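Asks: Let's see this in three dimensions:
(3 chains)
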Amino acid sequence: MATPEGHGADTAHTATTEAEHGSGGLPQFQFQHWGGQIAWLLILFVILYVLIARVFTPRMRAVIDQRASTISGALETARQVQAEAADQARAAAAEVAEARAQSQRVAAEARAKAAAESAERAAVEEAKVSEQVAQAETRIAAMRDAAMSNVGAIAGETAAAIVEKLTGKAASAADIKAALVARGGAA
Amino acid sequence: MEVEAAKAIGAGLATLGMIGAGIGVGTIFGQFLAGALRNPSAAASQIGNLFVGAALAEALGILAFVLGVLIYFG
Amino acid sequence: MADPIHQFQIVKVVDLPDVTLPLVGMVDLAITNSHIAMTIAFAAVVLFLTLVTSNAQVVPGRLQTIGEGLFGLIDNLTDSIIGHDGRKYFPYVFTVFVMILAMNLLGMALTFTATSQLAITATFAVVTFGLVLVIGFAKNGLGFFKLFWPTGAPLVMRPVVGLIEFFSFMLRPVTLALRLFGNMLGGHVALKVFAGFVVTLGAMAAGGGFGLLGIPGAALSMTMVVGLTALEFLVAFLQAFVFAVLTCIYLNDVVNLDHAH
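Replies: Here you go, the predicted model:
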């Protein structure tokens, strides 16, 4: 790599001073410096390669894999928890639906019972009322019959009085009765 | 001194090669921008290709530059 | 200091005697500023990765987030480009990536950028290229040469296209090395040049008179320095990333030779 004549402390020194005074060409092309640089770079490169390949890369991969597993684990847990929550929500919804159905059933029962009770009570009341109505009707009928019989007697008396006034003689009771029967029939 | 003058002229001429690199890099970035504006969602994935292309184009200009430096200082 | 190239000068900090190795020849063992920059980058990477991984938590802290971001970046790269075999090559790609990234970023903070030395970038490129060759021959044997036999092309064209493929393949280490080298060199030279403008124009302005016209120029240069510094940080990351991407692509060529071609 390096030019053989460029070696040695004193020659290199003169080359350096010459370059420092300018126009000595590009310092990169002073080949007497190449050998040392290349050798040192290769040494550092190999050490760094070994360090990276043996130490740093496995460590870094371990961390990254650990992170990936942590994240996937957390995701898995989250998914599980979510599924659990969904299950619970479903159970709760079912419970609610059941409770609602039960309450509806209870309500319906209560409504039916209340309706039956009220119907029964209404029937009792109605029976009582109709009995009273029937009694009242019989009483009314009795009173009417009594009144009607009185009306017959009154009509007879009235008729006898009218006949007596008109004819001057009293009509026989049998005639009047016959006339009344022929008229109204309701003696 | 004539050699010095010739060196300077030669170096200057050699570095003209960087014009091409300038055109090339400009074309690459310009085309990238045009493409990125048409399809911005695909732009991010092509950044790597963009810089590799720009570096490849630029390398040729750098070659001309190094040649110029070599002529002038060598 | 005005010379923008001066910053790349290799200076011996501790001079050590040369050694003569078989095959390699004489090697200058002196510890230079390049060695120190490389060592600092290496130590920073090791320290960073140790801090990130030694007390790694499932819920990451700030530092660990950065470390895992870099790790995941390269992991995705090897996985998506090389495929299921990618994990085997991950350590290599990651080593290359973090080392280049550390050197690039330290170059923004220190006075010396290791990756602006062609020797360094060429080493990375040659090691990557060598690895591609070794894996290619180990996995495919002589079938490795199918890489240069474009089955998609018409039969007449195949030798020509194959030759071009072969040359572009052989140029891979060159472009790999020169891309990183040129980017770091160019960026730092530009930074130094504009910073030099600030000083020169400022000195002109200090002289008074017409020199006062230098003040807007100096201010403009200063803005350029700030902007270029930001750009250089981007480039520092980007070049490390590009190196890693290209390493993956080249490895994929030979790892999945049978599937792709």
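Asks: Does at least one residue of stretch B:40-52 sit close to chain C?
Replies: Yes - using CB under 8 Å from any CB of the partner chain, we find that stretch B:40-52 touches chain C at B:48, B:51-52. Yep, even glycine has a C-beta here, placed from its N, CA and C like the rest.
Asks: Skipping adjacent residues, who's closest to the residue in chain B positioned nearest to chain C in space?
Replies: At 3.3 Å from chain C, residue B:62 is the closest residue in chain B, using CB to the nearest CB. Counting by CB to CB, 6 or more residues apart in numbering or on different chains, residue C:182 is the residue found nearest to residue B:62 once chain neighbours are left out, at 3.3 Å.
Asks: Surely that neighbour and residue B:66 touch.
Replies: Yes - counting by CB atoms under 8 Å, residue C:182 sits close enough to residue B:66 to count as a contact (4.6 Å).
Asks: If I look at the residue of chain A found nearest chain B, what pLDDT would I see?
Replies: Residue nearest to chain B within chain A (CB to the nearest CB): residue A:26, separated by 4.5 Å. The per-residue pLDDT reported for residue A:26 equals 74.
Asks: how far away is residue A:78 from chain C?
Replies: Taken as CB to the nearest CB, to the nearest Å, the spacing of residue A:78 relative to chain C amounts to 16 Å.
Asks: packing partners for the lowest-mean-pLDDT helix or strand in chain B?
Replies: Taking mean pLDDT, DSSP states H and E as the measure, the helices and strands of chain B show their lowest mean at helix B:47-73, namely a mean of 82. With contacts defined as 3 or more CB pairs under 8 Å, 6 or more residues apart in numbering or on different chains; DSSP states H and E, the secondary structure elements packing on helix B:47-73 are helix B:2-15, helix B:18-38, helix C:158-206, helix C:214-255.
Asks: Now the residue of chain A closest to chain B: closest residue in space, sequence neighbours ignored.
Replies: By the measure of CB to CB, 6+ apart, the closest residue to residue A:26 outside its immediate chain neighbours is residue B:73, 4.5 Å from it.
Asks: Might one say that that neighbour is in contact with residue C:3?
Replies: No - applying CB under 8 Å as the test, residue B:73 and residue C:3 come out as separate, 10.2 Å apart.
Asks: So these two - more neighbours on which side?
Replies: Taking residue B:73 and residue C:3 together and counting by other CB atoms under 10 Å in any protein chain shown, residue B:73 has the greater number of neighbours (17 against 14).
Asks: about what we covered before: can you pull the contacts of the residue of chain B closest to chain C?
Replies: Residue B:62 sits next to B:18, B:21, C:178-179, C:182-183, C:186 when contact means CB atoms under 8 Å, 6 or more residues apart in numbering or on different chains.
Asks: same check, this time on residue A:170
Replies: Residue A:170 makes contact with A:160, A:163-164 under the criterion CB under 8 Å, 6+ apart.
Asks: just residue C:256 next, same as before
Replies: With contact taken as CB under 8 Å, 6+ apart, residue C:256 is in contact with C:82-83, C:85.
Asks: Okay, the one residue in chain B that gets nearest to chain A and residue C:112: tell me how far apart.
Replies: Per CB to the nearest CB, residue B:73 is where chain B lies closest to chain A, at 4.5 Å. If you measure residue B:73 against residue C:112 using CB to CB, to the nearest Å, the figure is 18 Å.
Asks: what do you get for residue A:38?
Replies: When distance is defined by CB to CB, residue A:38 is 16 Å away from residue C:112.
Asks: need the contact list for the closest residue to residue C:105 other than its chain neighbours.
Replies: Of all residues not flanking residue C:105 in the chain, residue C:236 sits nearest, at 5.4 Å (CB to CB, 6+ apart). Neighbour list for residue C:236: C:101, C:104-105, C:107-108, C:184 [criterion: CB under 8 Å, 6+ apart].
Asks: mind checking how far residue A:59 is from residue C:70?
Replies: 14 Å.
Asks: Tell me which of those two has more neighbours.
Replies: Neighbours of residue A:59 and residue C:70, each counted by other CB under 10 Å, are more numerous for residue C:70; the result is 21 against 16.
Asks: wait, doesn't the more buried one sit right on residue C:102?
Replies: No - applying CB under 8 Å, one finds residue C:70 not in contact with residue C:102, separated by 10.7 Å.
Asks: Could you list the low-pLDDT ranges of chain A?
Replies: By pLDDT under 70, the low-scoring segments of chain A are A:1-25, A:184-187.
Asks: brain fart, chain C
Replies: Counting by pLDDT under 70, chain C contains low-confidence residues at C:1-2, C:18-28, C:259-261.
Asks: do you know how far the closest residue to chain B within it is from residue B:18?
Replies: When scored by CB to the nearest CB, chain C has residue C:182 as its residue closest to chain B, at 3.3 Å. With the distance defined as CB to CB, residue C:182 ends up 10 Å from residue B:18.
Asks: ok, longest helix in chain A?
Replies: With secondary structure taken from DSSP state H, chain A has its longest helix at helix A:57-167.
Asks: Mind giving me the packing neighbours of that one?
Replies: By contact count (3+ CB pairs under 8 Å, 6+ apart), the secondary structure elements abutting helix A:57-167 are helix A:173-183, helix C:33-54, helix C:62-82, helix C:86-109.
Asks: Can you say which of the ones you listed is packed in most?
Replies: Across the helices and strands packed on helix A:57-167, the average number of neighbours (mean count of other CB atoms under 10 Å in any protein chain shown) peaks for helix C:86-109, which reaches a mean of 22.
Asks: Report the angle between it and helix C:33-54.
Replies: Relative orientation of helix C:86-109 and helix C:33-54, computed by axes from the mean of the first three to the mean of the last three CA atoms, to 10 degrees: 130 degrees.
Asks: ok now helix C:86-109, how far from the chain's centre?
Replies: Its chain's C-alpha centre lies 8 Å from the corresponding centre of helix C:86-109 when counted by CA atoms, centre = their mean, to the nearest Å.
Asks: Need the helices and strands packed on helix B:47-73 in CSV (columns: distance to residue C:39).
Replies: Converted to CSV, the helices and strands packed on helix B:47-73 look like this (distance: least, CB to CB, whole Å):
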stretch, distance to residue C:39
helix B:2-15, 34
helix B:18-38, 34
helix C:158-206, 18
helix C:214-255, 18
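Asks: which stretch among those helices comes nearest residue C:40?
Replies: helix C:214-255 (15.1 Å; CB to CB).
Asks: That closest one: how far from the chain's middle?
Replies: Averaged C-alpha coordinates place helix C:214-255 at 10 Å from its chain's average position (CA atoms, centre = their mean).
Asks: Now residue C:4: which helix or strand?
Replies: If you go by DSSP states H and E, residue C:4 is not part of any helix or strand.
Asks: Quick one: residues contacting the nearest residue to residue C:67 once chain neighbours are set aside.
Replies: Nearest residue to residue C:67 in three dimensions, chain neighbours excluded: residue C:52, at 3.2 Å (CB to CB, 6+ apart). The contact partners of residue C:52, taken as CB under 8 Å, 6+ apart, are A:56, A:60, C:63-64, C:66-68.
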